[in-house]
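>>> Just the structure for this:
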Amino acid sequence: METIYLNRENLGIWQEKAKPNVMALGCFDGLHTGHCKVINTAFEKAKQKNVKLAVMSFFPHPKTVVTNGKKQVHYLMPLSEKEEKLRSLAVDTFYIVEFDQEFAALSPEQFAAQYLVQLGAVHAVAGFDFCYGCRGAGNMDRLNSDSGGLIDVTKVAKVGYKGEKISSTCIRERLLTGNVEELPHFLGNFYEVQCDWDGEKLKPLPYYTLPAPGSYAVTLKNETQSIKTEVTIEETPIGPSLKCTTAIQPFIKGKLSIVWQRHLEEGNAKTYKEKTLIS
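The predicted model follows:
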């Protein structure tokens with residue numbers, strides 16, 4: 001998979017190099033099951049048309065830019081992890097568009113021409129509520145006409161859980177209230193945060209959202225080993241502090257992942273800790 005960071009300065013170069021493709025559109029933060037439905041749909045279209053599969057995402061998050069920084073988004077994963085997961089979904093080209101005020105001011109027609117048609121898109125796939133162009137004026141119902149009839153369009157219907165649309169926003173809400181148990185229904189797996197462990201402290205890497213303060217049943221894992229334990233999150237003046245309530249064996253030192261499985265009530269936390277120590 002080729003990853004391309006697009007901005008106004010290099011756009012023309014990549015337009016010249018572009019090959020016919022089916023383009024999946026979205027921010028894709030967290031790559032939840034709704035996102036995967038969009039990308040898998042685009043994969044099938046690309047296979048039918050015998051062209052490349054491309055994904056276009058945007059960074060920083062559009063909400064941060066259009067509100068002039070007044071609204072800060074809690075990211076669910078860094079670009080490096082998003083890139084890794086897209087590679088596993090057989091994506092050929094990953095476009096990361098620099099979302100700034102100039103890009104946000106493009107009309108829907110300008111976006112369709114410069115970032116889709118001229119980048120080789122012959123078919124675009126996105127969720128039913130994807131919007132583009134200045135003030136989000138463009139949507140999937142008008143994309144074909146905005147492209148001058150040059151791009152076919154597939155609009156993916158809502159993917160939900162118990163009637164609720166699966167979205168990055170609802171995943172963030174559950175993390176920020178500590179409700180990690182439900183996340184497999186949205187992500188397809190438990191939420192993971194990569195961090196560094198120096199033998200004393202767990203330090204999360206940037207662009208992850210930590211659950212609310214409290215105690216959690218987790219699995220700590222690296223490439224070869226894993227252990228079940230309990231991690232407590234506490235708020236401090238300089239930010240959240242993560243503490244493991246049981247000893248971490250030396251073999252787990254270095255870069256590892258925290259798999260958040262269950263929010264523990266005070267009584268449950270004590271019971272879980274005792275079971276972990278016994279095992």
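
>>> Could the C-alpha coordinates of stretch 158-169 be exported in PDB?
What follows is stretch 158-169, C-alpha atoms only, in PDB (Å, rounded to 0.1, in the frame of the first residue of the first chain):
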ATOM      1  CA  LYS A 158     -26.400   3.200   8.300                       C
ATOM      2  CA  VAL A 159     -24.600   0.400  10.200                       C
ATOM      3  CA  GLY A 160     -26.100   0.300  13.700                       C
ATOM      4  CA  TYR A 161     -26.100  -1.400  17.100                       C
ATOM      5  CA  LYS A 162     -29.400  -1.500  19.000                       C
ATOM      6  CA  GLY A 163     -30.800   1.200  16.700                       C
ATOM      7  CA  GLU A 164     -27.900   3.600  17.200                       C
ATOM      8  CA  LYS A 165     -25.600   4.500  14.300                       C
ATOM      9  CA  ILE A 166     -22.100   3.200  14.800                       C
ATOM     10  CA  SER A 167     -19.800   6.200  14.700                       C
ATOM     11  CA  SER A 168     -16.500   7.500  16.000                       C
ATOM     12  CA  THR A 169     -18.500   9.900  18.100                       C
END
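
>>> Buried residues in that stretch, which are they?
Within stretch 158-169, the residues scored as buried using 16 or more other CB atoms under 10 Å are Val159, Ile166, Ser167, Ser168. For the C-beta atoms, the positions are set from N, CA and C on the backbone; glycine is no exception.

>>> before we move on, what about stretch 181-196?
Leu183, Phe186, Leu187, Phe190, Tyr191, Glu192, Val193, Gln194, Cys195.

>>> Then stretch 91-100?
Neighbour-count burial for stretch 91-100, counted by 16+ other CB under 10 Å, picks out Val91, Asp92, Thr93, Phe94, Tyr95, Ile96, Val97, Glu98, Phe99.

>>> Please apply the same query to stretch 124-138.
Result for stretch 124-138 [16+ other CB under 10 Å]: buried residues Ala124, Val125, Ala126, Gly127, Phe130, Tyr132, Gly133, Gly138.

>>> In the sheet, which residues pair with the second one? Tell me.
The partner list for Val125 in beta bridges (DSSP bridges) reads Ala24, Thr154.

>>> Can you report phi and psi for Ala112?
phi -60, psi -40 (degrees, to the nearest 10).

>>> my read: it touches Gly149, true?
No - in this structure Ala112 lies outside contact range of Gly149 using CB atoms under 8 Å: 10.7 Å.

>>> if I look at Val180, how far off is Asn68?
Between Val180 and Asn68 the distance is 32 Å, computed by CB to CB, to the nearest Å.

>>> Those two: which is more packed in?
Val180 (22 against 8; other CB atoms under 10 Å).

>>> In contact with that one, which residues are there?
Neighbour list for Val180: Arg174, Phe190, Tyr191, Pro211, Tyr216, Trp260, Gln261, Arg262, His263 [criterion: CB atoms under 8 Å, 6 or more residues apart in numbering].
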